[in-house]
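J.: all I have is the shape, not the residue letters:
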């Protein structure tokens, strides 16, 4: 009898099924974890760029996380970057680099980055970037008299770089400097005709005096002794003839995340007066044409970008639509709806 009662009680006991844990809330573009991932991504992008200038984060446009297992996530980022005044050869930490303003004809970079977060540590698996200068119309709306970017192979630009580097080499007592690349150039016609240029240089194994005898024999210093630098020059063509040039050598740099090792193999084998790398012919800025797959990425963490990653524009449209939908719901007086999770805040300005 007791056994029968126990069996009846057992049958009547409710059966509690295990409730699966709720998935974590999706990351917002301004969440600390998103910003930490973006910081790693920007450092990676600058570290694998070999021309032009360093870029800084302006906005996180979108983020998507795909869980892979315990403490293992794949993260897709869409980033909006802005060009700084630090050339990639400049050892100055990115945090200390100045963003180029809108009136200086700013350049924007757009990047898709795939990262892995394994046991709390971020690593970049792949990245794709491109960049473009702000439109001339937008610059002149803010500053009608501001000069615009000129083509890097413009004849006046080349003549200014040639004259500036030749003049500097003729006055220096140090090593003969060789042109690596022209970084930026602007031409202003009113009220004066002025050409301004920025260009990267490298020290050679010749003294300035020796270079006068046989400049063709002068070669960039080997990688373990490399000494790169950066020059700015301004040439007034009208109403007067005047040229000013300033060059700074950085000294041999030990590679760091903000000053990666840059081999002389990235620069043209020969840069006679006025010759610039073919990659910039006809362009006003060095395009951040970075498409890089990390060679240590595992097969299980494929570096392919899925088509399901939304573009920044579609994310923005979705955010606006969600806000509009929420606005239809009655709210107490004074209620301020929370911002959409993406896109994130603009740190500097929008182009």
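T.: Received it, and whenever you're ready, just let me know what you need. Predicted model, so just to flag it, every value in this text is computed and none were measured. Numbering: from 1, shown residues only.

J.: what about residue 248, helix or strand, and which?
T.: Using DSSP states H and E, residue 248 sits within strand 242-249.

J.: can you give me the helices in the stretch 51-200 of the chain?
T.: Using DSSP state H, counting those that start in this stretch, the helices of the stretch 51-200 of the chain run over 136-142, 155-171.

J.: now those helices in TSV, with mean pLDDT, distance to residue 237 and mean neighbour count?
T.: Backbone N, C-alpha and C define where each C-beta goes, glycine included. Converted to TSV, the helices of the stretch 51-200 of the chain look like this (pLDDT from 0 to 100; distance: least, Cβ to Cβ, whole Å; neighbours: other Cβ atoms under 10 Å):
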stretch	mean pLDDT	distance to residue 237	mean neighbour count
helix 136-142	95	21	12
helix 155-171	95	7	18
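
J.: what would the ones you listed look like in JSON lines with distance to residue 288?
T.: Listed next are those as JSON lines, based on distance: least, Cβ to Cβ, whole Å:
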{"stretch": "helix 136-142", "distance to residue 288": "19"}
{"stretch": "helix 155-171", "distance to residue 288": "21"}
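
J.: before we move on, the earlier item: flag every buried residue along the strand holding residue 248.
T.: 245, 247, 249 (16 or more other Cβ atoms under 10 Å).

J.: and for stretch 97-106?
T.: Under 16+ other Cβ under 10 Å, the buried positions of stretch 97-106 are 97, 99, 100, 102, 104, 105, 106.

J.: repeat that for stretch 60-80.
T.: So for stretch 60-80, counting by 16+ other Cβ under 10 Å, buried means 60-65, 73-80.

J.: the helices of the stretch 51-200 of the chain: which one's closest to residue 52?
T.: Between residue 52 and the helices of the stretch 51-200 of the chain, the shortest gap by Cβ to Cβ is with helix 155-171, which sits at 15.5 Å.

J.: name the helices or strands packed onto the closest one?
T.: Packing contacts for helix 155-171, counted by 3 or more Cβ pairs under 8 Å, 6 or more residues apart in numbering; DSSP states H and E, involve strand 175-188, strand 193-207, helix 208-213, strand 228-238, strand 242-249.

J.: let's see 7 Å
T.: In terms of contacts (3 or more Cβ pairs under 7 Å, 6 or more residues apart in numbering; DSSP states H and E), helix 155-171 is packed against strand 175-188, strand 193-207, strand 228-238, strand 242-249.

J.: flag the shaky bits of this structure, pLDDT-wise.
T.: 1-24, 255-282, 290-292, 295-339 (pLDDT under 70).

J.: what are the ranges of the strands in it?
T.: 53-69, 72-87, 107-118, 121-133, 148-149, 175-188, 193-207, 228-238, 242-249, 291-293 (DSSP state E).
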